[in-house]
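Colleague: I would like the atomic coordinates for the input below:
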Amino acid sequence: MNIAIIAETAPARTLIPIIERLDDANITSLTHGEGASDILSLYSDEVIQIGKSRRNTNKKRSNALIATLVMKDTYKTYRELKKRDIDFVLTCGNSGDVRKGIIAAKKLKIPNIHIEQDIYNPIEVISYADIITTPTHYAQKKLKKLYNITNTVNIKGYPQAAYVNEVQLINKHEIYQHYGTNNFYVLVLGGDAQAADIPKIMHQVGKLARDIIVIPYRFNAQYVSQFIKDDNILVVDGFVDLLSLMNASCGVIYIAGMGITIEVGVLETPAVKIQGFHDEHQSNHLAESLGIEIAAIEDIPLAVSRMKKPNGRLLVRNGINASWRVVDLINNFKVFKKEKGGYSSLKNIWNQRKKYR
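Modeller: Numbers count the residues shown, from 1 in each chain. All right, here's what the predicted structure looks like:
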């Protein structure tokens with residue numbers, strides 16, 4: 001079976017445990033950015049770049065420019081899929097790569113399963129996926145209530161947890177030697193942050209009496225660096241083994257979504273989740289269930305002073321079982337296929353996403 005997987009760095013970690021469990025599958029990965037390519041190259045027969053990383057700064061891109069870039073990358077995805085005899089497309093996440101993948105798969109009439117984790121802010125084109133999986137029954141009911149999407153299957157877990165549990169981590173002492181410290185917090189600036197949040201966050205973490213290693217992720221490292229006034233704060237520019245870094249840290253402070261929440265849960269690294277611009281987020285529910293405090297930016301020092309190890313014991317077991325359930329969906333696709341949400345669901349999701357623009 002020839003399978004194309006389409007995802008950015010964090011969602012790619014969700015798909016890896018699934019493709020590892022498929023028998024006799026040839027994997028073509030379509031993504032963008034150094035981090036995603038490095039991860040997926042270990043599990044793929046071929047990795048294809050379908051765009052460039054466009055990190056946030058305080059400057060807004062015009063809608064016309066964004067539309068042009070998306071159309072260009074979508075056409076490239078379509079062209080690359082058409083060249084190959086692809087039997088199945090797997091997507092995960094709520095980024096532009098998913099949009100490109102689902103649109104191209106629909107145009108080429110290639111079956112598509114989308115692994116959905118963020119029910120409050122999904123990418124609108126999941127309404128055209130053949131099957132959408134959810135991690136919980138609650139999420140499954142929410143997709144129906146919010147967007148009238150019913151072609152869902154509850155896989156009862158997060159496959160990414162299986163990846164985190166199985167991946168080889170760098171020895172902690174190597175991390176300490178590389179960064180010159182063993183007494184540090186990791187700050188992750190992910191997709192739940194806005195450019196205007198960065199100076200306020202950097203001001204608050206500057207109050208902490210430890211070294212801070214900042215992973216700007218969706219932000220330009222130069223933009224973040226201009227707000228640093230303390231010698232104990234380091235911004236890492238470029239790809240980093242974030243799992244190993246978080247595992248070696250004294251704790252993780254993050255303004256991001258589901259991926260980091262799953263990872264600190266499995267690693268059982270003390271963590272604080274900063275409340276981002278999404279008022280509701282599935283990752284908030286998961287964080288609370290793991291015992292991770294969700295704190296306002298101004299409360300970061302207080303929350304860090306009392307942060308504790310998450311209770312992530314069930315994440316791994318449920319993640320492994322969830323991975324096998326997706327494999328079963330692929331192998332028995334026709335049995336599970338249901339009616340898609342279509343345009344009306346797309347419009348419902350679009351209206352929901354407008355709240356966060």
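Colleague: gap between the two ends of stretch 27-35?
Modeller: Start and end residues of stretch 27-35 are separated by 18 Å (CA to CA, to the nearest Å).
Colleague: so for that stretch, what gets flagged as buried?
Modeller: Judged by neighbour count using 16 or more other CB atoms under 10 Å, the buried positions of stretch 27-35 are 27, 28, 29, 30, 31, 32, 33, 35. Every C-beta, even on glycine, is put in place using the N, C-alpha and C of the backbone.
Colleague: can you put these in a markdown table and add secondary structure and pLDDT?
Modeller: Shown next, in a markdown table, are the buried residues of stretch 27-35 (DSSP: H, G, I helix; E, B strand; the rest coil; pLDDT from 0 to 100):
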| residue | secondary structure | pLDDT |
| --- | --- | --- |
| 27 | strand | 97 |
| 28 | strand | 97 |
| 29 | strand | 96 |
| 30 | strand | 95 |
| 31 | strand | 91 |
| 32 | coil | 81 |
| 33 | coil | 72 |
| 35 | helix | 77 |
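Colleague: could you dump those residues to JSON lines with distance to residue 173?
Modeller: Shown next, in JSON lines, are those (distance: CB to CB, whole Å):
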{"residue": "27", "distance to residue 173": "34"}
{"residue": "28", "distance to residue 173": "38"}
{"residue": "29", "distance to residue 173": "32"}
{"residue": "30", "distance to residue 173": "37"}
{"residue": "31", "distance to residue 173": "32"}
{"residue": "32", "distance to residue 173": "33"}
{"residue": "33", "distance to residue 173": "29"}
{"residue": "35", "distance to residue 173": "24"}
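Colleague: got any ranges where this structure has weak pLDDT?
Modeller: Filtered on pLDDT under 70, the chain yields the residue ranges 52-63, 66, 335, 356-357.
Colleague: please, where are all the strands along it?
Modeller: When assigned using DSSP state E, the strands of the chain occupy the ranges 2-6, 26-31, 46-49, 88-92, 112-115, 131-134, 152-154, 184-189, 211-215, 233-235, 251-255, 271-274, 293-295.
Colleague: looking at those strands, which is buried most?
Modeller: Mean neighbour count, computed with mean count of other CB atoms under 10 Å, is highest for strand 271-274 among the strands of the chain, reaching a mean of 28.
Colleague: possible to save the strands of the chain as TSV with distance to residue 321?
Modeller: Compiled in TSV, the strands of the chain are given as follows (distance: least, CB to CB, whole Å):
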stretch	distance to residue 321
strand 2-6	20
strand 26-31	22
strand 46-49	28
strand 88-92	17
strand 112-115	14
strand 131-134	13
strand 152-154	12
strand 184-189	28
strand 211-215	30
strand 233-235	39
strand 251-255	26
strand 271-274	24
strand 293-295	27
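Colleague: of all those, which lies closest to residue 13?
Modeller: Among these, strand 88-92 comes nearest to residue 13, with 9.0 Å by CB to CB.
Colleague: so which elements touch the closest one?
Modeller: strand 2-6, helix 9-20, helix 96-108, strand 112-115 (3 or more CB pairs under 8 Å, 6 or more residues apart in numbering; DSSP states H and E).
Colleague: can you name the residues bridging to residue 133?
Modeller: Here residue 133 sits in beta bridges with residue 115, residue 153, as judged by DSSP bridges.
Colleague: what's the separation between it and residue 126?
Modeller: From residue 133 across to residue 126, the span is 11 Å (CB to CB, to the nearest Å).
Colleague: quick check: neighbours shared by those two?
Modeller: Shared contacts of residue 133 and residue 126 (CB atoms under 8 Å, 6 or more residues apart in numbering): 114, 116.
Colleague: quick one, what contacts residue 280?
Modeller: Neighbours of residue 280 in contact, by CB under 8 Å, 6+ apart: residue 120.
Colleague: hang on, the earlier thing: so for residue 282, which of the strands of the chain sits nearest?
Modeller: Shortest distance between residue 282 and the strands of the chain, using CB to CB, is found for strand 131-134: 9.2 Å.
Colleague: isn't residue 31 right up against residue 11?
Modeller: No - Residue 31 is beyond contact range of residue 11, at 9.3 Å (criterion: CB atoms under 8 Å).
Colleague: report the longest helix in this structure, please.
Modeller: Longest helix in the chain, counting residues (DSSP state H): helix 63-83.
Colleague: beta partners of the nearest residue to residue 84 once chain neighbours are set aside?
Modeller: In space, residue 84 comes closest to residue 28 once its chain neighbours are excluded; the distance is 6.0 Å by CB to CB, 6 or more residues apart in numbering. Beta bridges link residue 28 to residue 4, residue 46, judged by DSSP bridges.
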